[in-house]
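[1] Mind looking at a prediction? Sequence and model below.
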Amino acid sequence: MSAVSFLARERTIAAPGYSRWLIPPAALCIHLCIGQAYAFSVFNLPLSKLIGITQSAPDDWKLTDLGWIFSIAIFCLGTSAAVLGRWVEEGGPRRAMFTAALCWTGGFLVSAIGVYAHTLWLIYLGYGVLGGIGLGLGYISPVSTLIKWFPDRPGMATGMAIMGFGGAAFIAAPLSVWLMARFSTPSHVGVAEAWIAMGLIYLCFMMVGAAVVRVPAEDWTPPGYVAPAQPKRLVTTENVYVYQALKTPQFWLIWWILCLNVTAGIGVLGQASAMSQEMFKGQVTAVAASGFVGLFSLFNMGGRFIWSSTSDYIGRKNTYFCFFALGTVLYALVPYTGSIGSVGLFVACYAIIFSMYGGGFATVPAYLRDMFGTRYVGAIHGLLLTAWSMAGIFGPVLVNYIRQYNVDHGVPPAQAYNTTMYLMACLLVVGFICNLFVRDVHERHHMRAVEADAEVEAAPVFGRQ
Amino acid sequence: MADDSQLSSGNALKLLLAWTFVGIPLVWGVFQTLVNAIKAFH
């Protein structure tokens, strides 16, 4: 059997008796690896001391230059998911997962060479570009497969995979620290060796996912599941072609919904530690603040599964109404927690906020499926991830610049975040309004069987088999 | 296609292996984070 045929979509069609519950672990094999990106910051300090070892030497890389590695990776995540979404959809999950594994591992290996050669652009190219493409491909590769296997619980299914992305940092951070300690010597920082080891571990893990994954047969449905004969409100039984989705207001409304939800969350995510220490000076130490951040990350991960699973029962639109309504109240409440000095209330507000931040990521594939059908949901999800890239820029910039502006104008540090939090609450109000306008996609956008085949044949696609 | 509630022993073993494979690192990571968070609170 050739490698090409092993990767072909036809080879991944599940035989009778295959359990659909094997698909979430296959997806987790991918997401638990690529989610390492969230823990990349543990390498920043060691990378800034490659020459000086104990402290940065003049020829060592600056933290500002190193910050670009993660930014390039996230940018490439969004663009590769958008550009290669259709290739992923049509080639099947195994080919996408296999390619993602090679890119992701390749990124680590090229970056390790960059460390040995002390050449930063090799790390930009390796982890940033190659790894970023692996991130994008890996992130969207299992989405539509999970939705097809779990038509009765699409939110829960995609939530499990995307929960893995949120939880991967819990594994990667201690693993990275342990590997660096293992390979470090008094005259050498073990970053390169740690990256080689991690690249190989991730390659094995991701290949298991690629080997296990299957797509259901065309006529397969879960036992006992009866597809609704008539489309329900806000849940279509039709399909919308990937690029046709861009012409619908629904796509752009959901794009803004994701962008605003992530902007609000990501903006405070990076500042949670500093914010808690400044708002509760004398009450919260740096160590306690790091404990809070760990706790918030757990809520971020748990929220991905819990909120997306809940959306299967209350509906996607209502779930986002919860995020935006509850989020608005909680963001507006945070300054009050500072004014009354209630650390407990602050932590409770933030825990729920982060659960909804994660929930926003995990629920959106099912929202897209409800609007545009299952056929191109992975590719449409890929296009939507550009909202994440945009939010990754907006969120931190808003928080950092507004805080600095306030401090420069004499606002005490304890109150410097108040304006930001109220602004975030306003963003969520805008998100609420966007969600309010989401209606069923007009039938003129639906694919008809003959048109669909013609469209697929006519359009160019990368590496089509 | 087998019903979710009527798994063959072969399928059950595959499921156990697959979920253990991804579950162990995830649980270990969450445990590490919780331990560190508890330490920080103390």
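    Here it is on my side, so go on.
[2] Now whichever residue of chain A sits closest to chain B: which helix or strand?
    The minimum distance from chain A to chain B, using Cβ to the nearest Cβ, falls at residue A:291 (2.5 Å). Any C-beta I mention is one placed from the backbone N, CA and C, and that applies to glycine too. Residue A:291 is located in helix A:286-314, with elements delineated by DSSP states H and E.
[3] picking that back up, the residue of chain A closest to chain B against residue B:35, yeah?
    No: counting by Cβ atoms under 8 Å, residue B:35 is not a contact partner of residue A:291; they are 10.3 Å apart.
[4] circling back to that earlier point, check which residues of the helix holding residue A:291 are buried.
    A:288-312 (16 or more other Cβ atoms under 10 Å in any protein chain shown).
[5] Where does the prediction get shaky in chain B?
    Under the criterion pLDDT under 70, the flagged ranges of chain B are B:1-7, B:40-42.
[6] cutoff 80 now
    B:1-9, B:39-42 (pLDDT under 80).
[7] and what of chain A?
    By pLDDT under 80, the weakly predicted segments of chain A are A:1-4, A:228-231, A:267, A:269-271, A:290, A:392-394, A:396-397, A:399-400, A:413-414, A:448-465.
[8] what does it have sitting close to chain B?
    A:16-22, A:25-26, A:28-29, A:32, A:164, A:167-174, A:208, A:212, A:220, A:222-224, A:287-292, A:294-295, A:297-298, A:301 (Cβ under 8 Å from any Cβ of the partner chain).
[9] Show me where chain B has its helices.
    B:9-41 (DSSP state H).
[10] Find the centremost residue of it, please.
    The residue lying closest to the centre of chain B (Cα atoms, centre = their mean) is residue B:23, at 2.5 Å.
[11] Residue A:166 versus that residue, what's the distance?
    Per Cβ to Cβ, to the nearest Å, residue B:23 is found 16 Å from residue A:166.
[12] Over to residue A:140?
    To residue A:166, residue A:140 is 16 Å away according to Cβ to Cβ.
[13] One more: residue A:323?
    From residue A:323 to residue A:166 the distance is 16 Å (Cβ to Cβ).
[14] okay, the two: which has more neighbours?
    Using other Cβ atoms under 10 Å in any protein chain shown, the more surrounded residue of residue A:323 and residue A:166 is residue A:323, with 28 against 25.
[15] I'd like to know how far that one sits from residue A:131.
    30 Å.
[16] again, but for residue A:107
    Counting by Cβ to Cβ - residue A:107 and residue A:131 are separated by 3 Å.
[17] do the same with residue A:212
    From residue A:212 to residue A:131 the distance is 23 Å (Cβ to Cβ).
[18] more crowded one of the two?
    Higher neighbour count among residue A:212 and residue A:131: residue A:131, with 31 against 20, using other Cβ under 10 Å.
[19] With adjacent residues omitted, what lies nearest to residue A:345?
    residue A:337 (4.4 Å; Cβ to Cβ, 6 or more residues apart in numbering or on different chains).
[20] Am I right that the one you found sits in a helix?
    Yes: counting by DSSP: H, G, I helix; E, B strand; the rest coil, residue A:337 is part of a helix.
[21] Confirm for me that it is in contact with residue A:349.
    Yes: in terms of Cβ under 8 Å, residue A:337 counts as a neighbour of residue A:349; the distance is 6.2 Å.
[22] Against residue A:214, how distant is the nearest residue to residue A:23 once chain neighbours are set aside?
    Among residues not flanking residue A:23 along the chain, residue A:149 sits closest, at 5.0 Å (Cβ to Cβ, 6+ apart). Separation of residue A:149 from residue A:214 (Cβ to Cβ): 8 Å.
[23] Mutual contacts of the two, please.
    Shared contacts of residue A:149 and residue A:214, defined by Cβ atoms under 8 Å, 6 or more residues apart in numbering or on different chains, comprise residue A:23.
[24] So for the helix or strand hosting residue A:402, what gets flagged as buried?
    In this assignment (DSSP H and E), residue A:402 forms part of helix A:386-408. Buried residues in helix A:386-408, counting neighbours by 16+ other Cβ under 10 Å, are found at A:386-392, A:394-396, A:398-399, A:402-403, A:406.
[25] How far does that helix sit from its chain's centre?
    19 Å (Cα atoms, centre = their mean, to the nearest Å).
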